[in-house]
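Trainee: Give me a 3D structure for the following:
(2 chains)
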Amino acid sequence: AQSVTQLDSQVPVFEEAPVELRCNYSSSVSVYLFWYVQYPNQGLQLLLKYLSGSTLVESINGFEAEFNKSQTSFHLRKPSVHISDTAEYFCAVKSDDFGNEKLTFGTGTRLTIIP
Amino acid sequence: DGGITQSPKYLFRKEGQNVTLSCEQNLNHDAMYWYRQDPGQGLRLIYYSQIVNDFQKGDIAEGYSVSREKKESFPLTVTSAQKNPTAFYLCASRTAPYGYTFGSGTRLTVV
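Mentor: Next up is the predicted model:
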């Protein structure tokens, strides 16, 4: 079984300040990890993903996440946030075991940027 | 442009009625999924299909049904057996290596 924990349901941050959204996962096998962003009344957009290789992955809009196997974490960071980053962010995990098609999501973190 | 189209965007249902949510993709993806989203609960898997004419239950399949007669289409029916159907429903498809694409969602409200 696999699971994802996003401890922070809401994170308020001042504009141009750094932010970290926390994600911890649980799985008995190797995993693939994802961060998705959702704007109001819209679907999910892939922000970044870790499949293999370098543990630090980056998105085109300045976000990055680091896969830490020993701490079973995949925290999302941005050094300086913008008003347009206001959205809900979901961490997701998929276990690398044959026949497991399930992508499991955390409960989400609502990021609010304060001008 | 390739993508997933969900319709309608908003749907209202009377209690006791069945309703069908449409999901169409032109990405040539084999696997398709239906998720339900409720505030504070993230996304929960309802059904998924890896190939035409085959589908499996997810974590919360009770009160829902699906079909997969064509590769492009994966409609979801919310039946009267679903006791709390008001939610935001998201359809997704997948291509290797685990590139999931989501539709823009259907918001279902019971009136």
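Trainee: Find the nearest non-adjacent residue to the spatially most central residue of chain B, please.
Mentor: Nearest to the mean C-alpha position of chain B, counting by C-alpha atoms, centre = their mean, stands residue B:34 at 3.2 Å. By the measure of C-beta to C-beta, 6 or more residues apart in numbering or on different chains, the closest residue to residue B:34 outside its immediate chain neighbours is residue B:46, 4.3 Å from it. Where you see a C-beta, it was placed from the backbone N, CA and C, and this is true even at glycine.
Trainee: Within its local environment, how many residues does residue B:90 see?
Mentor: 25 (other C-beta atoms under 10 Å in any protein chain shown).
Trainee: Give me the contacts around the strand or helix carrying the residue nearest to the centre of chain B.
Mentor: Per DSSP states H and E: residue B:34 is located in strand B:31-38. Contacts with strand B:31-38, where a contact means C-beta atoms under 8 Å, 6 or more residues apart in numbering or on different chains, come from A:101, A:103, A:105, B:23, B:25, B:43-51, B:58, B:60, B:64, B:66, B:68, B:74, B:76, B:87-95, B:100, B:105.
Trainee: quick one: contacts for residue B:110?
Mentor: B:12, B:13, B:14, B:15, B:85, B:86.
Trainee: Can you report phi and psi for it?
Mentor: Here is the backbone geometry of residue B:110 (degrees, to the nearest 10): phi -90, psi 130.
Trainee: is the one helix or strand in chain B whose mean pLDDT sits lowest up against chain A anywhere?
Mentor: Considering only helices and strands, the least confidently modelled element of chain B by mean pLDDT, DSSP states H and E is strand B:99-102, at a mean of 87. Yes: counting by C-beta under 8 Å from any C-beta of the partner chain, chain A has neighbours in strand B:99-102: B:99, B:100, B:101, B:102.
Trainee: which parts of chain B sit against chain A?
Mentor: B:4, B:6, B:31, B:33, B:35, B:40-45, B:48, B:50, B:56, B:58-59, B:88, B:90, B:92, B:97-105, B:107.
Trainee: For the buried ones among those residues, write the corresponding PyMOL selection.
Mentor: Command for PyMOL, covering only those of these found buried under the criterion 16 or more other C-beta atoms under 10 Å in any protein chain shown:
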select buried, chain B and resi 4+6+31+33+35+42+43+44+45+48+58+88+90+92+100+101+102+103+104+105
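Trainee: tell me the strands in chain A, going along the chain?
Mentor: A:3-5, A:10-14, A:19-21, A:24-26, A:31-38, A:44-50, A:56-58, A:64-68, A:73-78, A:87-95, A:104-105, A:109-114 (DSSP state E).
Trainee: Dump those strands into TSV; add mean pLDDT and distance to chain B as well.
Mentor: TSV is the format used below for those (pLDDT from 0 to 100; distance: least, C-beta to the nearest C-beta, whole Å):
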stretch	mean pLDDT	distance to chain B
strand A:3-5	93	8
strand A:10-14	97	10
strand A:19-21	98	14
strand A:24-26	95	13
strand A:31-38	94	5
strand A:44-50	92	4
strand A:56-58	91	13
strand A:64-68	95	14
strand A:73-78	97	14
strand A:87-95	93	6
strand A:104-105	92	4
strand A:109-114	96	10
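Trainee: For the ones you listed, give me a markdown table that also has mean neighbour count.
Mentor: Shown next, in a markdown table, are the strands of chain A (neighbours: other C-beta atoms under 10 Å in any protein chain shown):
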| stretch | mean neighbour count |
| --- | --- |
| strand A:3-5 | 16 |
| strand A:10-14 | 13 |
| strand A:19-21 | 19 |
| strand A:24-26 | 17 |
| strand A:31-38 | 23 |
| strand A:44-50 | 19 |
| strand A:56-58 | 14 |
| strand A:64-68 | 18 |
| strand A:73-78 | 20 |
| strand A:87-95 | 23 |
| strand A:104-105 | 23 |
| strand A:109-114 | 17 |
